[in-house]
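> Have a look at this fold, sequence not included:
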């Protein structure tokens, strides 16, 4: 079946450094959603990407969908301690079906 | 965020017990989901209900039994669980509106099977 892998699995950065997580699929992605889960919390929706090559920005966060729709990335500029958490991508392979990536756990050192 | 609530928040049960997890969404969504989140695995989709009808069952063992009496409530009945079933069980809801079906998650039930 389809696998959605994320790299890296863990990332420790110094506050102020940039951070990027990559989401790669074994098959073509339908739509990509990104979620953030704070330690001890639950996943919270960040954004959805639909079109090939699409780029969206939310303040310091930049989301990109690959041209071939087989990968996506999330880039955070100048990380802050509030960015700590695990970032998941999810492929909405069907209208109500979601396949989540393995997640990238981000730790920000002050 | 209190759009999706789950009870109980923590549950410890023996392998011979029967218990139920409850989820309620106050967002007017038509779809509800159960996920299992283990320490070293990605979020695993277990069940999907759309307008009370089950549309997905991802090869979940029969010791997990879902119930969806209406679009706002979802239950997960548990019986004769195994220690490897210990995990965080997350409920979510969504609605297909304008091409975006973002999921709203509840806080989860932390289940420990002894």
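Here it is on my side, so go on. Because the structure is predicted, anything quoted here is derived from the model rather than measured.

> Now do residue 73, the pLDDT please.
Going with chain A. The score at residue A:73 is 98. That number is its pLDDT.

> right idea, wrong chain: chain B
96.

> and it, bridged to which residues?
When assigned by DSSP bridges, residue B:73 has beta-bridge partners residue B:24, residue B:70.

> Each with direction, which strands does the helix-or-strand element of chain A with minimal mean pLDDT pair with?
Ranked by mean pLDDT, DSSP states H and E, the weakest helix or strand in chain A is strand A:97-100, scoring a mean of 87. Sheet pairing of strand A:97-100 (DSSP bridges) gives strand A:85-94 (antiparallel).

> In the strand it pairs with, which residues are buried?
The neighbour-count check on strand A:85-94 (16 or more other CB atoms under 10 Å in any protein chain shown) flags A:85-93 as buried. C-beta coordinates here come from the backbone N, C-alpha and C atoms, glycine included.

> same question, stretch B:30-45
For stretch B:30-45, by 16+ other CB under 10 Å, it's B:30-37, B:42-45.

> Likewise for stretch A:93-110?
Buried residues in stretch A:93-110, counted by 16+ other CB under 10 Å: A:93, A:96, A:98-106, A:108.

> Put together CSV for those residues, with distance to residue B:90 on each row.
What follows is the buried residues of stretch A:93-110, written out as CSV (distance: CB to CB, whole Å):
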residue, distance to residue B:90
A:93, 19
A:96, 16
A:98, 12
A:99, 15
A:100, 11
A:101, 16
A:102, 16
A:103, 13
A:104, 18
A:105, 17
A:106, 20
A:108, 24
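
> Mind picking the one among these that's closest to residue B:101?
Lowest distance from residue B:101 to these (CB to CB) belongs to residue A:96, with 7.1 Å.

> re earlier: pick out the most distant pair among the buried residues of strand A:85-94.
Greatest spacing in the buried residues of strand A:85-94, by CB to CB: A:85 and A:93 (24.5 Å).

> Name the helix or strand for residue A:106, please.
strand A:104-109 (DSSP states H and E).

> That strand near chain B anywhere?
No: if you take CB under 8 Å from any CB of the partner chain as the test, strand A:104-109 misses chain B, and the best it gets is 11.2 Å.

> quick one, strands of chain A?
Under the criterion DSSP state E, chain A contains strands at A:4-7, A:10-14, A:19-25, A:32-37, A:43-49, A:55-58, A:61-65, A:71-76, A:85-94, A:97-100, A:104-109.

> no no, chain B
Applying DSSP E to chain B gives strands spanning B:4-7, B:10-13, B:18-25, B:31-37, B:44-50, B:53-57, B:64-70, B:73-79, B:87-94, B:104-105, B:109-113.

> what's the least confident stretch among those strands?
Minimum mean pLDDT among the strands of chain B: strand B:53-57, a mean of 76.

> helices or strands next to that strand in the packing?
Secondary-structure packing of strand B:53-57 (3 or more CB pairs under 8 Å, 6 or more residues apart in numbering or on different chains; DSSP states H and E): strand B:44-50.
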